[in-house]
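> have a look at this prediction, sequence included:
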Amino acid sequence: MTTTQLIEQIHKKRSFLCIGLDVDLNKIPKHLLEEDDPIFAFNKAIIDATHQLCVAYKPNTAFYEAYGLKGWEALEKTINYLNTNYPEIYTIADAKRGDIGNTSTMYAKAFFEDLGFDSVTVAPYMGKDSVEPFLAFKEKHTILLALTSNQGAFDFQTEIVEGKELYKQVLETSKTWTNSQNLMYVVGATKAEYLGDIRKIIPDSFLLVPGVGAQGGNLQDVCKYGMNDQVGLLINSSRGIIYASQNGDFAQASAEKASELQRQMEAILLQ
Ligand SMILES: O=c1ccn([C@@H]2O[C@H](COP(=O)(O)O)[C@@H](O)[C@H]2O)c(=O)[nH]1
């Protein structure tokens, strides 16, 4: 999906919500454990109940890799289900990859060609030759970790290196890479006060913003400092939506949580 198509979907649905599909078998309703593929059964129910309220889904691959082959198969079934039934939905593989060039190429093939995701998250710290193999896929987006939502972001990302915070160096340097127009960036909702500075460096890029809900980030603050005239934000919530209930009504409960965020987004878009 192109950036233009993503923006069209945001306006059509009056939503820039991304729902995180971080499936933990200890947290899903017990009756689903009797299914052949409980992870996919859970995802399918959540997707069917929420797809009109969001523009994107973001499975974090850790939650699939943890279950070995069955987990990877569930991930494949989930992305196939989305691409077949809801092609208007933007898909993000939150895999945080990045390695020497030939290895990055194989990661890019795995997520873009084999699985068919629209985008993948990538760590920037191995530099240009570790990220450009992802950017070589011109129809896809590469989402670079810039300023993450966790406390550990202050260990390195905000450290001053040669007079400038490291995350700012990442933003500025990444703009010089081949096909950098296909970059998006991860900025945690818990770091909303940094968004003003971030927008000075990358005014036009889309930001994937996790950390609303369970991690305490505030939607209004993120929009105040991070929204641009193309919206430019995908706000992710995972646990806050998908684990709204552990009972038979879990899908409906997730839709209610997603709807709460969508209504707030609609009000912000109308301002
Ligand atoms: O800086 C980051 C980067 C990625 N994440 C991921 O987003 C979701 C957040 O889940 P919640 O349940 O809504 O807290 C999860 O997959 C993280 O690994 C992040 O939180 N922060």
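Yep, it's here. Numbers count the residues shown, from 1 in each chain.
> roughly how far does residue 224 sit from residue 194?
Applying C-beta to C-beta, to the nearest Å, the value for residue 224 to residue 194 is 13 Å. Bear in mind the C-beta positions are built from the backbone N, C-alpha and C, glycine included.
> where do the contact lists of those two overlap?
In terms of C-beta atoms under 8 Å, 6 or more residues apart in numbering, residue 224 and residue 194 are not both contacted by any residue.
> OK, contacts around the residue lying closest to residue 128 once chain neighbours are set aside?
Computed as C-beta to C-beta, 6 or more residues apart in numbering, the closest residue to residue 128 that is not its neighbour in sequence is residue 177, at 5.5 Å. Residues near residue 177 by C-beta under 8 Å, 6+ apart: 128, 131-132, 135, 183.
> what's the helix or strand for residue 259?
Per DSSP states H and E: residue 259 is located in helix 250-270.
> could you do residue 74 as well?
helix 68-85.
> state the mean pLDDT of that helix.
For helix 68-85, the mean per-residue pLDDT is 98.
> that one - contacts with which helices or strands?
Applying 3 or more C-beta pairs under 8 Å, 6 or more residues apart in numbering; DSSP states H and E, one finds that helix 68-85 contacts helix 38-50, helix 62-65, strand 90-97.
> most tightly surrounded among those?
Across the helices and strands packed on helix 68-85, the average number of neighbours (mean count of other C-beta atoms under 10 Å) peaks for strand 90-97, which reaches a mean of 23.
> ok, residue 57 - contacts?
18-21, 47, 78, 82, 89-92.
> same deal with residue 170?
Counting by C-beta under 8 Å, 6+ apart, residue 170 has contacts 124, 144-146, 157.
> switch the residues you listed over to CSV; also include neighbour count.
As requested, the contacts of residue 170 are exported to CSV (neighbours: other C-beta atoms under 10 Å):
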residue, neighbour count
124, 25
144, 24
145, 21
146, 28
157, 23
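> any idea which of these is closest to residue 109?
Checking the contacts of residue 170 against residue 109 by C-beta to C-beta gives residue 144 as the nearest, at 18.8 Å.
> can you confirm that closest one is in a strand?
Yes - applying DSSP: H, G, I helix; E, B strand; the rest coil, one finds residue 144 inside a strand.
> and it, how far from the ligand?
11 Å (C-beta to the nearest ligand atom, to the nearest Å).
> hmm, residue 174 and that residue touching each other?
Yes - under the criterion of C-beta atoms under 8 Å, residue 144 makes contact with residue 174 at 5.7 Å.
> show me the common contact partners of those two, please.
124, 131, 183.
> would you turn these into JSON lines with distance to the ligand?
Formatted as JSON lines, the shared contacts of residue 144 and residue 174 follow (distance: C-beta to the nearest ligand atom, whole Å):
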{"residue": "124", "distance to the ligand": "13"}
{"residue": "131", "distance to the ligand": "16"}
{"residue": "183", "distance to the ligand": "16"}
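> just the ones of those in helices?
In this view, those that belong to helices under DSSP state H are residue 131.
> strand partners of the helix-or-strand element of the chain with minimal mean pLDDT, parallel vs antiparallel please.
Across the helices and strands of the chain, the lowest-confidence element by mean pLDDT, DSSP states H and E is strand 160-161, at a mean of 94. According to DSSP bridges, strand 160-161 forms sheet pairs with strand 164-165 (antiparallel).
> after the strand it pairs with, next one along is what?
With DSSP H and E, the next secondary element past strand 164-165 is helix 166-174.
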